[in-house]
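1. Sequence first, predicted model second:
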Amino acid sequence: MKRVHFIAIGGSAMHNLAIALHRQGMEVSGSDDEIFEPSRSRLDHLGLLPARMGWHPENITPALDAVILGMHARADNPELQRARELSIPVFSYPAYFHEQTRRKTRVVIGGSHGKTTITSMIIHVLRSVDAAFDYLVGAQLEGFDCMVKLDPLSTVAVIEGDEYLASTLEPVPKFHLYRPNIALVSGIAWDHINVFKTYASYVEQFARFMDLIEPGGKLVFCTEDPEVARLALDRKDRKDVVQVPYGVPPHVIRGGTTYLSTAHGEVPLMVFGRHNLMNLEGARHVCHQLGIGDREFYAAIASFTGAAKRLEKLAESRTRAVFKDFAHSPSKLKATVEAVREQFPGRRLVACMELHTFSSLSENFLDQYAGSLNGADQAVVFYDPHAVQLKRLPPVKAERIHRAFGRADLQVATDPVELMGIVRNGPGQGNEAVLLMMSSGNFGGLDLEALAEAFIA
């Protein structure tokens, strides 16, 4: 394929794939009705930014070898309709990536939480040992200017397997389309309720993912998650797939640093928390399946600083620290709060989360958050009324949020300036403290760098 057009090129994975194909020497074009940063600047820098926004059927010509369709595009998209009239092959980006890697060993990392971190850890180790590999990751990683790579000479592809739907023509979870040789499942916690209306229907997607492992493949799974362990047990009779369980590895915490206890001695880590340790152990087992021994793995993982927005340190002084995290679902909030509490046991913990996703702002999901912030000394919930309107959801009332979280002293804010005042003054002057900001959004445009500086000052 030499000429490829992207419908909805501005998406996180879509624009990275467009850049990767452009660097391979393909002729890449694209369209979208709106493109935000950083996608806009990155596409513009390479001459891939559409000259005008919107959908234009004349972009689709018989000269195209393929069209790649993003989830943002609807079934009645005029460019999609034109491509189908001309019988041009149309792929979702997961289906296209599978097509390009079908003769390679595909490692697919799935799970409601931890998949970005585990994928990042595996990529970090493979890069440290100078291995050639393809990859597809949803988040930006330090040291990478593009989060998709396709190398004709590589034999391995490492893929972050998202359970959200692939495209309007392929309304199935993305990770169903990769058909892994090595699959990892980290944990299951109900999410994407706009698509998966019940917990059972959500769990079924992971069951199907396990069933799609290629014959002769491996299933690496976390035994700490009872739902994952149950699904793996249900598939114990499948003799053509080897099961590899993992849990929390032995470790100690001294002086604010977590050390792995291994057969090769203690290994100091730059990440912390029970979930990160489980993520690390899952990554170790995957790397072992790829021929990387423990000594090489531990030497590499000691320098892993974490994925962007995953317990990412924004500022630190002798007595205070500020972290931001992508956590937004109930299980992620609870795990992240517990991780910070364990790492800084003597400090006052101020935890703030934003209700931003469709699920978190939905009336029938809010009660899932009960107790998720109980590990913090001070708990704050923020939501942007404008974001609620954009998602066409009914207004959220503060008393409903209090009732859902089940915490009488919970503070609720709807304005970024108000939020900054709450979290800055929360610990009190002179107290040792940690501030944890958790969201998949941006807290209404709040400058987190400025907030972090003010908090530790």
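-> Everything's here; your move.

2. Any idea which residue is closest to the centre of the chain?
-> Thr116 (4.4 Å; Cα atoms, centre = their mean).

3. I'd like to check what contacts whichever strand or helix holds it. Which residues are they?
-> Using DSSP states H and E, Thr116 maps to helix 115-128. Identification of contacts with helix 115-128 by Cβ atoms under 8 Å, 6 or more residues apart in numbering yields 107, 109, 111, 133, 135, 137-139, 141, 143, 156, 158-162, 184, 186, 276, 279-280, 282-283, 286-287, 290, 292, 296-297, 299-301, 303-304, 306-307, 310, 326. For the C-beta atoms, the positions are set from N, CA and C on the backbone; glycine is no exception.

4. Correct me if wrong: Val381 contacts Arg403.
-> No: Val381 lies out of contact with Arg403 (Cβ atoms under 8 Å); the separation is 11.9 Å.

5. Select only the buried ones of the contacts of helix 115-128 in ChimeraX?
-> ChimeraX command restricting these to the buried ones, with burial defined by 16 or more other Cβ atoms under 10 Å:
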select :107,109,111,133,135,137,138,139,141,156,158,159,160,161,162,184,186,276,279,280,282,283,286,287,290,292,297,300,301,304,306,307,310,326
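
6. for this protein, what's the longest helix?
-> Secondary structure of the chain read by DSSP state H shows that its longest helix is helix 274-289.

7. That one - what's its average pLDDT?
-> Helix 274-289 shows a mean pLDDT of 96.

8. what angle separates it from helix 115-128?
-> Put simply, helix 274-289 runs at 40 degrees to helix 115-128, going by axes from the mean of the first three to the mean of the last three Cα atoms, to 10 degrees.

9. who does helix 274-289 touch, helix- and strand-wise?
-> strand 105-110, helix 115-128, strand 182-185, strand 218-222, strand 242-246, strand 257-262, helix 294-301, helix 330-343 (3 or more Cβ pairs under 8 Å, 6 or more residues apart in numbering; DSSP states H and E).

10. Check what contacts the first one and list those residues.
-> So the one you mean is strand 105-110. 98, 115, 118-119, 122, 155-161, 163, 175, 178-186, 206, 209, 286, 289-290.

11. ok, now which ones touch the residue lying farthest from the centre of the chain?
-> Residue farthest from the centre of the chain, counting by Cα atoms, centre = their mean, is Pro62 at 36.4 Å. Taking Cβ under 8 Å, 6+ apart, we find Pro62 in contact with Leu86, Ile88.

12. Just to be sure, it is in a helix?
-> No: counting by DSSP: H, G, I helix; E, B strand; the rest coil, Pro62 falls outside a helix, being coil.

13. Helices of the stretch 301-450 of the chain, start to end?
-> 330-343, 385-390, 398-405, 416-425, 448-456 (DSSP state H, counting those that start in this stretch).

14. Walk me through the domains of the protein.
-> As assigned by automatic domain parsing, the chain contains the domains 3-88, 95-301, 312-456.

15. Go through those domains and find the least confident stretch.
-> domain 312-456 (a mean of 90).

16. Regarding that domain, how distant is the last residue from the first?
-> Start-to-end span of domain 312-456 (Cα to Cα, to the nearest Å) is 16 Å.

17. Arg179: neighbour count?
-> When neighbours are defined as other Cβ atoms under 10 Å, Arg179 has 17 of them.

18. Also Leu212?
-> Counted by other Cβ under 10 Å, the residues lying close to Leu212 total 16.

19. quick one: contacts for the nearest residue to it once chain neighbours are set aside?
-> The shortest distance from Leu212 to any non-neighbouring residue, by Cβ to Cβ, 6 or more residues apart in numbering, is to Arg179 (5.4 Å). For Arg179, the contact set (Cβ under 8 Å, 6+ apart) comprises His98, Arg106, Leu212, Ile213, Glu214.

20. switch to 7 Å and redo it
-> His98, Arg106, Leu212, Glu214 (Cβ atoms under 7 Å, 6 or more residues apart in numbering).

21. Same question for Pro215.
-> Counted by Cβ under 7 Å, 6+ apart, Pro215 has contacts Asp240.

22. name the element it belongs to?
-> With DSSP H and E as the test, Pro215 turns up in no helix or strand.

23. rewinding a little: of the helices of the stretch 301-450 of the chain, which approaches Met14 most closely?
-> Met14 lies closest to helix 385-390 among the helices of the stretch 301-450 of the chain, at 20.6 Å (Cβ to Cβ).

24. got a list of contacts for that closest one?
-> By Cβ under 7 Å, 6+ apart, the residues outside helix 385-390 that reach it are His356, Leu361, Pro395, Val396, Thr414, Gly441.

25. what's the closest of those to Ser331?
-> When the contacts of helix 385-390 are compared against Ser331 (criterion: Cβ to Cβ), the nearest one is His356, at 16.3 Å.

26. Quick check: that closest one vs His328, distance?
-> Distance, His356 to His328, using Cβ to Cβ, to the nearest Å: 6 Å.

27. Determine the residues that are contacts of both of the two.
-> By Cβ under 7 Å, 6+ apart, the residues touching both His356 and His328 are Ser439, Ser440.

28. on that earlier part again, take the contacts of helix 385-390 and keep only those in strands.
-> Among these, no member falls in strands (criterion: DSSP state E).

29. Among these, which pair sits farthest apart?
-> Pro395 and Gly441 (17.3 Å).

30. More neighbours: which of those two?
-> Using other Cβ under 10 Å, the more surrounded residue of Pro395 and Gly441 is Gly441, with 18 against 10.

31. Which residue is the nearest non-sequential neighbour of that one?
-> With Cβ to Cβ, 6+ apart, the residue lying closest to Gly441 is His356, at 3.5 Å.

32. Pretty sure that neighbour sits against Phe326.
-> No: under the criterion of Cβ atoms under 7 Å, His356 is not in contact with Phe326, lying 10.6 Å apart.

33. residues shared between the contacts of the two?
-> Both His356 and Phe326 are in contact with Ser440, where contact means Cβ under 7 Å, 6+ apart.

34. so how far is Ser29 from the residue farthest from the centre of the chain?
-> 14 Å.

35. what's the answer for Asn374, then?
-> According to Cβ to Cβ, Asn374 stands 51 Å off from Ser29.

36. higher neighbour count, these two?
-> Ser29 (19 against 14).

37. quick revisit: quick one: work out the angle between the helix holding Thr116 and strand 105-110.
-> 150 degrees.

38. hey, C-alpha coordinates of the helix or strand hosting Glu204 in PDB?
-> Following DSSP H and E, one finds Glu204 within helix 199-211. Listed next in PDB are the C-alpha coordinates belonging to helix 199-211 (Å, rounded to 0.1, in the frame of the first residue of the first chain):
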ATOM      1  CA  TYR A 199     -20.900  -5.300  34.000                       C
ATOM      2  CA  ALA A 200     -21.500  -8.700  32.500                       C
ATOM      3  CA  SER A 201     -21.300  -7.400  29.000                       C
ATOM      4  CA  TYR A 202     -18.100  -5.600  29.800                       C
ATOM      5  CA  VAL A 203     -16.500  -8.700  31.300                       C
ATOM      6  CA  GLU A 204     -17.500 -10.700  28.200                       C
ATOM      7  CA  GLN A 205     -15.200  -8.600  26.100                       C
ATOM      8  CA  PHE A 206     -12.200  -9.800  28.000                       C
ATOM      9  CA  ALA A 207     -13.400 -13.400  27.800                       C
ATOM     10  CA  ARG A 208     -13.600 -13.000  24.100                       C
ATOM     11  CA  PHE A 209     -10.100 -11.500  24.000                       C
ATOM     12  CA  MET A 210      -8.700 -14.600  25.800                       C
ATOM     13  CA  ASP A 211     -10.500 -16.800  23.300                       C
END
